[in-house]
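Q: 3D, please:
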Amino acid sequence: MSQLPGESLEHRLLILAPTGKDAMLVATMLHKEGIACVACPDLDCVSKEIENGAAAILVAEEALVGLGERLAEMIARQPPWSDLPVLLLTRLGTDSDTVAWAVRALGNVTLLERPVRVVALISAVRSALRARARQYLARAHLVEREQADRRKDEFLATLAHELRNPLAPIRNSVNVLRLTDAGQPERAVWEMMDRQINHMVRLVDDLMEVSRITRGRIELRKEPLDLATVIAAAVETSRPLIDTAKHELTVTLPPRPIVVEGDAVRLAQVFSNLLNNAVKYTDSGGRISIVARLENDNAIVTVTDTGIGIPASALPTVFEMFVQANAGDSRAKTGLGIGLTLVRSLVEMHGGRVEAHSPGAGQGSEFVVHLPVAREVAASEQNPAAAMQEVRGLPRVLVVDDNHDAADSLGAVLQMLGADVRVTHDGKAALATIAGFQPSAVFLDLGMPDLNGYEVAKLIRARPDAHDTVLVAVTGWGQESDRRKSEASGFNHHLVKPADVGALQAVLASLAG
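A: As a prediction, this is how the structure comes out:
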């Protein structure tokens, strides 16, 4: 374990006695026993030495008179890991008000009534020092775990950035297909691609906040949803596994839409996990069904399979973390046992509940999800085609990104939205283009070589003819600290790759206004 700053000072005993002579006598005695001590003549000395590092305080009852409140304030300023031991030498006889107050106010207090035997004093001091040493071990563990969390966060942030870069041109290309108003077969293809890109984007977003997932703090993006659309997305995700296993899948939906208030991606994840679970524990050529129905104010979705079933003893714990209901089956060894836990967590976050049923081994399983129906549904849904209408009459726009695919595809999307677009691939070329093109907005990547996006933004802001130019950061870095940094560099907007076409439209619409 690495040496902590001031560690040698942190194993000392501080002594505060009524007179400096008393403190020195006790210090001399303890030094002979190999205990490092500092005799403090007053509370100012104690305060200073606590800041330098101390393992415990030995204080006489008389020394607290008039000074106890200040000592209590010093002890109250301890970090969360610390519980500084206080050894209080009391007067002989009945407990005084001072002693009673000290026990309440000073925290970790041990009372030693005088006259105290030397061996008893030394034993009490050594016990306090050992207890303090265990606190230091806990502190070291916390420091190493904070450092580990920081390294994890840095790794995930970098990974998310690298994943967002290739996603950007893919999404931009899909948006180009969307804006061309392709025929029905082509539309079905890009709609599928768009859904899967959205899944990828959400997974990348989760990488940035994996700690909140483990604490059950996933943020839901709720909206009114047709349950049939959610189930279709789940089936689409699980279809490759179902087909590979040669299972027969039956999907039964009611004639009228069932609308729930929920997160489309998370609910699709719930049903996809249940379908994948059914595939995993059903022998090849089995039957799987997913049925949705309306019951009073609840949407009921049932996933049933003809698989190996769940023992009655395992049903109460089937949704627990890392629990494998069929631990003896070889298929149970292919997962971590967290899928059903996530299902339960997500369903409960939507105000619902999930149940597991099985007649027994070899007789299949049934999982039933209950979700509340949305109370209010918009009278009419937004027309997807209308959302993709061009924003006409826009000013000139410059796109700058050293990733040629990302730059060219973003430029194509902006052009189809009605903008007059120029594309460059480095900061110097962007600055040269601005002089003649005079764009009203610059969509600027941040992580470029030579001149990065921050530097280019500052140089643009320094131009007399570009004070009103709208600067839009388009980047794979999306943490709050990244947004603050881009704002400080002069950016008006911060879009995270892959930028959604709706966000691009919003920026362009604000320019038109």
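
Q: relative to R178, how far out is V230?
A: Spatial separation of V230 from R178 under the definition Cβ to Cβ, to the nearest Å is 21 Å. The way it works is simple: take the backbone N, C-alpha and C, and place the C-beta from them, glycine included.

Q: who has more neighbours, these two?
A: V230 (27 against 22; other Cβ atoms under 10 Å).

Q: can you confirm that one is in a strand?
A: No: looking at V230 with DSSP: H, G, I helix; E, B strand; the rest coil, it is helix, so not inside a strand.

Q: now it, nearest residue through space, not along the chain?
A: Nearest residue to V230, sequence neighbours excluded (Cβ to Cβ, 6 or more residues apart in numbering): L267, at 4.7 Å.

Q: V99 belongs to a helix, doesn't it?
A: Yes: membership of V99 in a helix is supported by three-state DSSP.

Q: strands of the stretch 301-450 of the chain, start to end?
A: Remark: strands assigned in the stretch 301-450 of the chain by DSSP state E, counting those that start in this stretch are 353-357, 365-372, 396-400, 420-424, 441-444.

Q: which secondary element of this protein has the worst mean pLDDT?
A: Within the chain, no helix or strand scores below helix 384-387, which has a mean of 38 by mean pLDDT, DSSP states H and E.

Q: hang on, the earlier thing: pretty sure the residue nearest to V230 contacts V343?
A: No: using Cβ atoms under 8 Å, L267 is not in contact with V343, being 10.4 Å away.

Q: of these two, who's got more company?
A: Neighbour count, other Cβ under 10 Å: between L267 and V343, L267 has more, with 27 against 23.

Q: would you enumerate the residues in contact with the more buried one?
A: Applying Cβ atoms under 8 Å, 6 or more residues apart in numbering to L267 gives the contacts 225, 230, 234, 260, 346, 350, 371.

Q: now do the longest helix along the chain: distance to the chain's middle.
A: Of all segments of type helix in the chain, defined using DSSP state H, the longest is helix 118-179. Distance, stretch centre to chain centre, for helix 118-179: 12 Å (Cα atoms, centre = their mean, to the nearest Å).

Q: endpoints of stretch 487-505, how far apart?
A: Start-to-end span of stretch 487-505 (Cα to Cα, to the nearest Å) is 20 Å.

Q: list the buried residues for that stretch?
A: Going by neighbour count (16 or more other Cβ atoms under 10 Å), the buried part of stretch 487-505 is 489-499, 501, 504-505.

Q: now secondary structure and distance to L14 too, for those residues, in JSON lines please.
A: Conversion of the buried residues of stretch 487-505 to JSON lines gives the following (DSSP: H, G, I helix; E, B strand; the rest coil; distance: Cβ to Cβ, whole Å):
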{"residue": "S489", "secondary structure": "coil", "distance to L14": "49"}
{"residue": "G490", "secondary structure": "coil", "distance to L14": "53"}
{"residue": "F491", "secondary structure": "coil", "distance to L14": "53"}
{"residue": "N492", "secondary structure": "coil", "distance to L14": "56"}
{"residue": "H493", "secondary structure": "strand", "distance to L14": "56"}
{"residue": "H494", "secondary structure": "strand", "distance to L14": "51"}
{"residue": "L495", "secondary structure": "strand", "distance to L14": "56"}
{"residue": "V496", "secondary structure": "strand", "distance to L14": "52"}
{"residue": "K497", "secondary structure": "coil", "distance to L14": "56"}
{"residue": "P498", "secondary structure": "coil", "distance to L14": "59"}
{"residue": "A499", "secondary structure": "coil", "distance to L14": "59"}
{"residue": "V501", "secondary structure": "helix", "distance to L14": "66"}
{"residue": "L504", "secondary structure": "helix", "distance to L14": "64"}
{"residue": "Q505", "secondary structure": "helix", "distance to L14": "66"}
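
Q: do you know the pLDDT at D226?
A: If you check D226, the pLDDT there is 91.

Q: tell me the secondary structure of the nearest residue to it once chain neighbours are set aside, please.
A: Take D226 and drop its neighbours on the chain: the residue closest to it by Cβ to Cβ, 6+ apart is P257, 4.7 Å away. For P257, the assignment made with three-state DSSP gives coil.

Q: for P257, the count of nearby residues, please.
A: With other Cβ under 10 Å as criterion, P257 counts 13.

Q: my guess is it meets L227, correct?
A: Yes: applying Cβ under 8 Å, one finds P257 in contact with L227, separated by 7.4 Å.

Q: and A429, what does it touch?
A: Listed by Cβ under 8 Å, 6+ apart, the contact partners of A429 are V400.

Q: do you know how far it is from F319?
A: A429 is 56 Å from F319, by Cβ to Cβ.

Q: now the helices: where do they sit in the stretch 301-450 of the chain?
A: Along the stretch 301-450 of the chain, counting by DSSP state H, counting those that start in this stretch, helices occupy 339-349, 384-387, 404-416, 427-437.

Q: least confident of those, on average?
A: The stretch with the lowest mean pLDDT among the helices of the stretch 301-450 of the chain is helix 384-387, at a mean of 38.

Q: pLDDT score assigned to the nearest residue to T229 once chain neighbours are set aside?
A: The shortest distance from T229 to any non-neighbouring residue, by Cβ to Cβ, 6+ apart, is to A264 (7.4 Å). Looking at A264, its pLDDT is 89.

Q: A264 against V230, yeah?
A: Yes: the criterion here is Cβ under 8 Å, and A264 meets it with V230 at 6.0 Å.

Q: next, count neighbours for the residue nearest to Y281 when sequence neighbours are not counted.
A: Excluding the flanking residues, the one nearest Y281 by Cβ to Cβ, 6+ apart is G307, at 4.2 Å. G307 has 25 neighbouring residues, counting by other Cβ under 10 Å.
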